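Participant: Here is my input; please provide its structure:
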Amino acid sequence: MKYFAFILLLFCCYLSNAQEYSTLRGYVTNVQSIPLQGVYVRVTNLSVGTVTNEKGQYELRLPEGLNRISFSYIGYTPQYLDLIIKPRITQNIILEVADNELGAIRVTNKKKDLSYDIIQKTIDQKEIYINQYTTQKRSIYVKSVEENTYSRAKKEKQKKDEPEGEDPFNLADSISKLNLFEGNFVQHIKPPTGFKEEKMAAKKWGNQQTLFFTSTTDADFDFNQNLIFSKRLGDNAYISPISSTALLAYKYKLLGSRFEGEFKVYTIRVTPRKIGNALFTGEIEIWDSLFTLKSVSLEVSKNSLILYDAFRISQEYTFINSMRVLTTERLEWQVKNGTSKSEGYCDVRYTNYTFDSTYAKKYFNDEVGMTHDDAYEKDTSFWALLRPIPLTRDERIFINYQDSMQRVRLSKHYLDSVDSIFNKPTVLKILWTGYSFISRDKKILWNFDPAIGLIDPVAIGGFRIRYSVNYFKKYDNFKTLYIAPFLNYGFRNGDLKGNLAVRYKYNPKKQSTISMNTGKYFGFVNNFATIRDIFNRNNFYEENYLRLSHSNEIRNGLYLNAGIRNTRRKDLGDFKFNADFDSAFVNNTPYTFNTHSAFEATIGISYTPKQLYLQEPKQKIILGSKYPTFSLAYQHAFTGILGSSTKFKSLDFGINQKFNIGIFGTSEYAVSLGGFLDTSRLRIMDYRYQRGGDPILLIPTMYGYQLIDSTFATFQTVLESHYHHEFNGFITSKIPGIKQLGIKTSVGGGILLVPERSYHYSEILFGANRIFKLGRERLKIGIYYVLARSNTQGITSGFKFSLNPYNANTSTWSF
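Facilitator: Take a look at the predicted model:
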């Protein structure tokens, strides 16, 4: 047996070396026998290549057998050869100068613009430039600047209103009119999807919310691709002026031509055939003979923008070692917020290109960006040596001032003096906006409710007062602690209720969080009751509770959530209510039941394959995935633990995804299947309810159905499915009169199957919405027509309205 294993091992080694390699070498010259340096020699079937030296010589080590070799050089006609590689093979190549291909075109219609032929040839040549390398590495310098102008009233308001999501411990800049970001990146690319960004150095001044390209993942304006998508700009994918379908979407006009060296350059005007959301307007330059972009200067359609009011892209290309590469990029934008306006630009320089490098097998993975530990600690001398773009006078003054103030700002004396101004109580704070106390040195923030907050808007059992305080602590390692006590007192019943919430994030890189909630308050029999039922007496009971939960990312995209809850439940049969308030509801009688305890445990996992992320030194930033999220949740109520008398089990499976469909818009779907496995000791507040529709407001389409006539309980398996598609102006941008109003359309629908009731329900909805600007905020207001059918209601229909706020920090709508 040992001899057999040894012979087998020798045989495997022989097979592993059975394929022999040989060296292919030769010279590349022009027709005058002059050596050509920088000719790109590529083995297309192996995706490897090399470049000729100053003698025109090349050399490649290749496996024996048939290989396809290409030879390409600027201004010369490429050659393609199918060679059988064998020992000591030599292949010399003579490249011919490319003729002016357009000169051979016969234009039979004198009115025909030559630009269409130029564009068509550029489209035909795209694949050459898309596939010109196997890997690419480049250095990127970014300077993103924004200047803000405010009215006097706006300046005063600006001091009080910080953008949501901003770090409360970051000091506002004294020269507030400028926001600035500088960054130094190294980018690695392996087509078609391999990408990784290294943030070598970065510096931030001012508010970064509307600054563009603070990460190279913000956008990739590669016009050789048919569609270009940037989540920071909006929900649309844009059609490139040289996409495969560009001639159907754009009109072109040849504005002129000129010579740069031996090459002619054409300047072409680009305009949409019809005003649409997903199209550019501007000018592009194309090299003759090479038929590829030399430069672009294009404006993005205003109707497609959400946060920005105008956006322009300018690029310059050149050739390095016969490779066409991007060298400079300038992005310009404008943001208007009522009486204020921000104008910004971003200058980007691309240098130090290298091609066809070898990377480790798993180098290109879900981590598309990583920040070096010392990236944010670079000093003034580092930036002075690095900057390829001179600072303007205002930028120089601004940066010098900020750098000179940096040490002062970090001193305890300075932080205390700034805090004392912030912490000064005022009548407005105490009565209306709320009082806050901050210690930037210790990174501690206290928030106290204002006097107006004493009045409980949801007063159960007559007039009640409430008060809450919260404490937030941020540690240097980005761990956070949040504590929020809350008290509530009712005068009619003389009852004191309250809650204490504690949340501690102990591992920001893994989103690891432990939470606790404990207290005595009112519980809902049905948390998802309709608006007309939510405040009914029979939807409330009293509970003493303790909840503990933990969430953690086990590996990238895989999350585990677990929790336990112990609750003592008591009805409100002896509770005194407000009779005047009772008259607003029908059958407004409290639900009565025996006082009991419940102990429940939950565990859930969710997994998003190929979840992309940026790795910062102290935290992880999730970018999303092109794959759906799968989730599984199990809940179990136990008897006998801490006096618990409930017993039930439930299991749920779900899948959801949101994705872009190019110029046609954005789609989202959610499917869930689940229900109770055991209902032996199930209490009414543990029931699962299928929510009925609200009279006017649209229920978020992924979470409910619009025209179910009444809420009902379910005890077995239920199948829910939802779908919604936003056209993002694909339809309305082509309709005169409608496109000017900025109205966009959407469609959606859903199916509900409840076998235990033999109930099935389906609906379809058609919507129109418009984005409104409220200062810094964006709000989408919509109206929808819903058509539904069920085996109990028949066919029904109605109109619904929606209010949908925009989160600028995540570039997403709330639903």
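Participant: Which residue ranges of the stretch 301-450 of the chain form strands?
Facilitator: When assigned using DSSP state E, counting those that start in this stretch, the strands of the stretch 301-450 of the chain occupy the ranges 310-320, 323-337, 340-355, 367-371, 435-439, 444-448.
Participant: so what secondary structure elements neighbour the second one?
Facilitator: In terms of contact count using 3 or more Cβ pairs under 8 Å, 6 or more residues apart in numbering; DSSP states H and E, strand 323-337 is assigned the packing partners strand 310-320, strand 340-355. C-beta: built from backbone N, CA, C; applies to glycine.
Participant: Let's check: the centremost residue of this structure is which one?
Facilitator: To find the centre residue of the chain, average its C-alpha atoms and take the closest one (Cα atoms, centre = their mean): that gives residue 623, at 5.2 Å.
Participant: What residues sit buried inside the helix or strand that one falls within?
Facilitator: In this assignment (DSSP states H and E), residue 623 forms part of strand 620-624. Along strand 620-624, the positions that meet the burial threshold by neighbour count (16 or more other Cβ atoms under 10 Å) are 620, 624.
Participant: Give the rounded mean pLDDT of the helix or strand following it.
Facilitator: Downstream of strand 620-624, the next assigned helix or strand under DSSP H and E is strand 629-638. Strand 629-638 shows an average pLDDT of 98 in the prediction.
Participant: Can you list the neighbours in contact with strand 629-638?
Facilitator: Here strand 629-638 makes contact (Cβ atoms under 8 Å, 6 or more residues apart in numbering) with 598-608, 644, 646-657, 674, 681, 686.
Participant: I'd like the next helix or strand past that strand.
Facilitator: For strand 629-638, the succeeding helix or strand toward the C-terminus, using DSSP H and E, is strand 647-660.
Participant: I'd like to know which elements that next one is packed against.
Facilitator: Secondary-structure packing of strand 647-660 (3+ Cβ pairs under 8 Å, 6+ apart): strand 629-638, strand 666-681.
Participant: picking up where we left off before, correct me, but the residue nearest to the centre of the chain touches residue 367?
Facilitator: No - contact between residue 623 and residue 367 fails when scored by Cβ atoms under 8 Å: they sit 10.2 Å apart.
Participant: where do the contact lists of these two overlap?
Facilitator: Counting by Cβ under 8 Å, 6+ apart, the common neighbours of residue 623 and residue 367 are 612-614.
Participant: which one of the residues you listed is nearest residue 358?
Facilitator: The closest of these to residue 358 turns out to be residue 612 (Cβ to Cβ; 23.5 Å).
Participant: ok, what's across the strand from that closest one?
Facilitator: Residue 612 has the following beta-bridge partners by DSSP bridges: residue 624.
Participant: got the domain boundaries for this structure?
Facilitator: Taking automatic domain parsing as the domain assignment, the ranges for the chain are 20-99, 131-250+294-391, 455-627, 646-815.
Participant: Serialize those to a markdown table and add fields for distance to residue 272.
Facilitator: Formatted as a markdown table, the domains of the chain follow (distance: least, Cβ to Cβ, whole Å):
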| stretch | distance to residue 272 |
| --- | --- |
| domain 20-99 | 32 |
| domain 131-250+294-391 | 6 |
| domain 455-627 | 28 |
| domain 646-815 | 9 |
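Participant: If we ignore the residues flanking it in sequence, what's nearest residue 239?
Facilitator: For residue 239, ignoring the flanking residues on the chain, the nearest one in space by Cβ to Cβ, 6 or more residues apart in numbering is residue 249 at 5.0 Å.
Participant: export the helices and strands packed on strand 323-337 to CSV and tack on mean neighbour count, distance to residue 752 and mean pLDDT?
Facilitator: CSV is the format used below for the helices and strands packed on strand 323-337 (neighbours: other Cβ atoms under 10 Å; distance: least, Cβ to Cβ, whole Å; pLDDT from 0 to 100):
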stretch, mean neighbour count, distance to residue 752, mean pLDDT
strand 310-320, 18, 42, 95
strand 340-355, 17, 46, 93
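Participant: what residues are up against the closest residue to residue 792 other than its chain neighbours?
Facilitator: Computed as Cβ to Cβ, 6+ apart, the closest residue to residue 792 that is not its neighbour in sequence is residue 759, at 6.6 Å. For residue 759, the contacting residues are 752-753, 790-792, taking Cβ under 8 Å, 6+ apart as the criterion.
Participant: Give the bridge partners for residue 759, please.
Facilitator: Beta-bridge partners of residue 759, counted by DSSP bridges, are residue 754.
Participant: Contacts for stretch 741-755, please.
Facilitator: Outside stretch 741-755, the residues touching it (Cβ under 8 Å, 6+ apart) are 303, 665, 690, 701, 705, 708, 714, 716-729, 731-732, 759-771, 782, 784.
Participant: Recalculate using a threshold of 6 Å.
Facilitator: Contacts with stretch 741-755, where a contact means Cβ atoms under 6 Å, 6 or more residues apart in numbering, come from 303, 701, 705, 714, 718-727, 729, 731-732, 760-770.
Participant: hang on, the earlier thing: can you add distance to residue 470 and give the helices and strands packed on strand 323-337 back as CSV?
Facilitator: Written out in CSV, the entries for those read as follows (distance: least, Cβ to Cβ, whole Å):
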stretch, distance to residue 470
strand 310-320, 38
strand 340-355, 30
